[in-house]
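Engineer: sequence unknown, structure follows:
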Ligand code: DC
């Protein structure tokens, strides 16, 4: 069974987020600290699956890493000579751990033949199934040129790998392809100082994702190794280079993770501000801001923060983003966020030069195209590009995430459409951002819901309708759905206890509300919907869990901007548990029986009543009281979604209130919340 997360439709976004540490920097930092001489204290390190894999790997290799506090670690460097000479490392799906560790173990000082160690050194590196589908031959070939002894333990060209002691050749000139993954070059660069001779790395083909190489070079310099370079075509690491601990180092906030929040600000109004990265960041993904700007968003960059606001519009209203045609080679990860922004843009968006997407956590071009189509977009995918035409209306969909954290985070933005979104396997964000959805919830405001629950004839329908009218909100009479189902069932001769058939009917029936009129399968429904008999039947079918589940989506669909007032029995507890205002509206049983009686009599105390035999009137009131009590009993006692005052719901007893007073009571709660 896959778990999922339902995000309600979102109205706006503003606020501030403190970013978690950058994944790219965290894993490089850990490894460089381990390869250094001396002790390094790393602050603001990211906690995530990928950094966990690196920490695990280093500890398995005998590197001492002390945890000083949450996000603060002390790494005791081993100068490239790992204490453990024979072990197996499991590195999950962490490319930023797998590639560099492969290079480092293949060239580590304690792993050379003829070295001071006579132990039969042997390392095995493996990962999850997807890791074993991600190519690594280009890196292995380059390492073999230096004399590394690496064997493929599964399929030729892919992990898992076996690594034996290297016989280092003196001519340290090697070449590596630059157009598959920049992590190969990063891995070679970081491992090169472990070799005593000069190492010259030549890049064959166009180098992709250059900003990630900048991060690598920048951090190597921080640890005392300066790489000589000839543009992007060759890099030289001098023999005798040695990493030295810089002492205390800080990890920048993750610029790729920033993209989701900045996009939220650009789509949902903003400003949304992220803290932890700024204009001097060493991460290439900060240039995502330029792309967002090209789409029309307003961006501000500070020393250590960035903020995004939607394009300016008339008056207080912001306007829509516009489509772009962009070479995204320099921002491969953040470009995924642009693909989802395209849903909210005027015109077509084309993202080019993104072939590397195909060999990431999943085939991201294919995954992105498949999921964008689910919400109604027209998508064209090529070997190295994706072109997105937004739908007129973004549809509700269940999004698959392919065990790819970025798919899950990107698609949370779809909730800015009208319909909200369901994200399957949301926990996959743990790869780089375990509490992503909690942080996201802090800067987005969902379409407000005022949930009004209460027993029969408590007046909640009348009150809810008037509140909706006063605020210009949509209105959901959830009881009407159960009544409609009961009617439809009776018309089709379906027994009121036949759960499966009723659930099917509930899912299939088409309902349309317009003011006081209700259509069932395009036929106008009359007064029979309001009869006591229909109400009793509704209460019977409403006790069936399958029926309640089948009606859930229909109820959620009513939540649309600018807001919803929903009345029923379980609005606050089950259907809209995140409702901003929860009211439990009630009145004494006598008062409710009297209200129902007046309703039946035509609201005003009619002539008929005056003329009616007093005994008959009393009898009718007594019967109504009994019926109402019986229904209350059934609605309160049922095992599924029973009528109850939800946690956090405000009790509003209307026994002695007029309708206008009750409406004012609800509006007051709503406004109190807003101010
Ligand atoms: O609110 P009403 O009288 O129209 O509701 C008719 C019946 O439907 C009620 O007896 C219980 C059921 N109901 C429910 O179980 N859950 C709701 N949210 C609304 C109504």
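Structural biologist: Received, thanks. Fair warning: this is a prediction, and the values are worked out from it, not measured in the lab. Residues are numbered from 1 along each chain as shown.

Engineer: Please count neighbours and contacts with C-alpha atoms only from this point.
Structural biologist: OK.

Engineer: hang on, residue 389 packs against residue 344?
Structural biologist: No. Contact status for residue 389 versus residue 344: not in contact, 9.9 Å apart, counting by Cα atoms under 8 Å.

Engineer: who's in contact with the residue of the stretch 251-400 of the chain found nearest the ligand?
Structural biologist: In the stretch 251-400 of the chain, the residue that lies nearest the ligand is residue 396 (22.1 Å; Cα to the nearest ligand atom). Listed by Cα atoms under 8 Å, 6 or more residues apart in numbering, the contact set of residue 396 reads 375, 419-422.

Engineer: you'd agree it is in a helix?
Structural biologist: No. Residue 396 is assigned coil when assessed by DSSP: H, G, I helix; E, B strand; the rest coil, not a helix.

Engineer: so who does the residue in the stretch 351-500 of the chain that the ligand sits nearest to touch?
Structural biologist: Residue of the stretch 351-500 of the chain nearest the ligand, by Cα to the nearest ligand atom: residue 479 (3.5 Å). Going by Cα under 8 Å, 6+ apart, residue 479 touches 538, 567-568.

Engineer: can you rerun that using 10 Å?
Structural biologist: 456, 461, 485, 535, 538-539, 542, 566-569 (Cα atoms under 10 Å, 6 or more residues apart in numbering).

Engineer: just checking: which of the contacts of residue 396 also lie near the ligand?
Structural biologist: When Cα under 6 Å from any ligand atom is applied, no member of the contacts of residue 396 is adjacent to the ligand.

Engineer: Direction included, what does the longest strand anywhere in the chain pair up with?
Structural biologist: Ranked by number of residues, the top strand in the chain under DSSP state E is strand 10-18. Looking at strand 10-18 with DSSP bridges, its partner strands are strand 269-275 (parallel), strand 444-446 (antiparallel).

Engineer: Pull out the buried residues from that strand.
Structural biologist: 10-17 (16 or more other Cα atoms under 10 Å).

Engineer: So what would you say the end-to-end distance of stretch 67-87 is?
Structural biologist: Using Cα to Cα, to the nearest Å, the end-to-end distance of stretch 67-87 comes to 23 Å.

Engineer: do the same with stretch 483-503
Structural biologist: End to end - Cα to Cα - stretch 483-503 spans 14 Å.

Engineer: what ranges of this structure fall below the confidence cut-off?
Structural biologist: 1-2, 114-119, 171, 602-614 (pLDDT under 70).

Engineer: quick revisit: pipe the strands paired with strand 10-18 into TSV and attach distance to the ligand per row.
Structural biologist: Output for the strands paired with strand 10-18, formatted as TSV (distance: least, Cα to the nearest ligand atom, whole Å):
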stretch	distance to the ligand
strand 269-275	33
strand 444-446	21
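
Engineer: Let me know which of these is tucked in deepest.
Structural biologist: strand 269-275 (a mean of 25; mean count of other Cα atoms under 10 Å).

Engineer: Now find how far off-centre that strand is within its chain.
Structural biologist: Remark: strand 269-275 is offset 17 Å from the chain centroid, using Cα atoms, centre = their mean, to the nearest Å.

Engineer: Pull the residues that contact the following helix or strand past that strand.
Structural biologist: Reading on from strand 269-275 to the C-terminus, the next helix or strand found by DSSP states H and E is helix 288-294. Defining contact as Cα under 10 Å, 6+ apart, one finds that helix 288-294 is touched by 255-256, 258-259, 262-263, 266, 287, 295-301, 306-311, 321-328, 330-335, 337-338, 341.

Engineer: show me the contacts for residue 285.
Structural biologist: Contacts of residue 285 (Cα under 10 Å, 6+ apart): 209, 211-212, 254-259, 330-335.

Engineer: And residue 476, by the same measure?
Structural biologist: The contact partners of residue 476, taken as Cα under 10 Å, 6+ apart, are 451, 461, 464-465, 468, 513, 555-559, 564-568, 571.

Engineer: Let's see that with 8 Å instead.
Structural biologist: Residue 476 sits next to 555, 558, 564-567 when contact means Cα under 8 Å, 6+ apart.

Engineer: What is the burial count for the closest residue to the ligand within the stretch 1-150 of the chain?
Structural biologist: Of all residues in the stretch 1-150 of the chain, residue 8 sits closest to the ligand, at 18.4 Å by Cα to the nearest ligand atom. Using other Cα atoms under 10 Å, residue 8 is surrounded by 25 other residues.

Engineer: so it touches residue 423, yeah?
Structural biologist: No. Judged on Cα under 8 Å, residue 8 makes no contact with residue 423 at a distance of 11.1 Å.

Engineer: quick revisit: now, which of the contacts of residue 476 sits nearest the ligand?
Structural biologist: Out of the contacts of residue 476, the member with the shortest distance to the ligand (by Cα to the nearest ligand atom) is residue 567, at 6.7 Å.

Engineer: Is residue 296 in a helix, a strand, or coil?
Structural biologist: Residue 296 falls in the coil class when you classify it by three-state DSSP.

Engineer: give the contact list for it.
Structural biologist: Taking Cα under 8 Å, 6+ apart, one finds 310-311, 320-322 in contact with residue 296.

Engineer: mind redoing it with 10 Å?
Structural biologist: 266, 290, 309-312, 319-324, 345.

Engineer: Could you do residue 366 as well?
Structural biologist: 357-358, 372, 380-383, 386.

Engineer: Now render these as CSV, adding secondary structure and neighbour count.
Structural biologist: Converted to CSV, these look like this (DSSP: H, G, I helix; E, B strand; the rest coil; neighbours: other Cα atoms under 10 Å):
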residue, secondary structure, neighbour count
357, helix, 24
358, helix, 17
372, helix, 26
380, strand, 15
381, strand, 16
382, coil, 12
383, coil, 14
386, strand, 21
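
Engineer: Quick check, residue 568 in contact with residue 457.
Structural biologist: No. With contacts counted by Cα atoms under 10 Å, residue 568 stays clear of residue 457, the gap being 11.0 Å.

Engineer: So which of the buried residues of strand 10-18 is the closest to residue 143?
Structural biologist: residue 17 (41.4 Å; Cα to Cα).

Engineer: For residue 261, which non-adjacent residue is closest in space?
Structural biologist: residue 272 (6.6 Å; Cα to Cα, 6 or more residues apart in numbering).

Engineer: can you tell me how far the one you found sits from residue 11?
Structural biologist: 14 Å.

Engineer: hang on, the earlier thing: out of the contacts of residue 479, who's near the ligand?
Structural biologist: Among the contacts of residue 479, the ligand is touched by 456, 535, 538-539, 542, 568-569 when using Cα under 6 Å from any ligand atom.

Engineer: Mind checking which of those are in helices?
Structural biologist: Mapping those onto helices (DSSP state H) picks out 535, 538-539.

Engineer: residues contacting the residue nearest to residue 374 when sequence neighbours are not counted?
Structural biologist: In space, residue 374 comes closest to residue 397 once its chain neighbours are excluded; the distance is 6.0 Å by Cα to Cα, 6+ apart. If a contact means Cα under 10 Å, 6+ apart, then residue 397 has 371-376, 414, 419-423 as its contacts.

Engineer: Cool, thanks, talk later.
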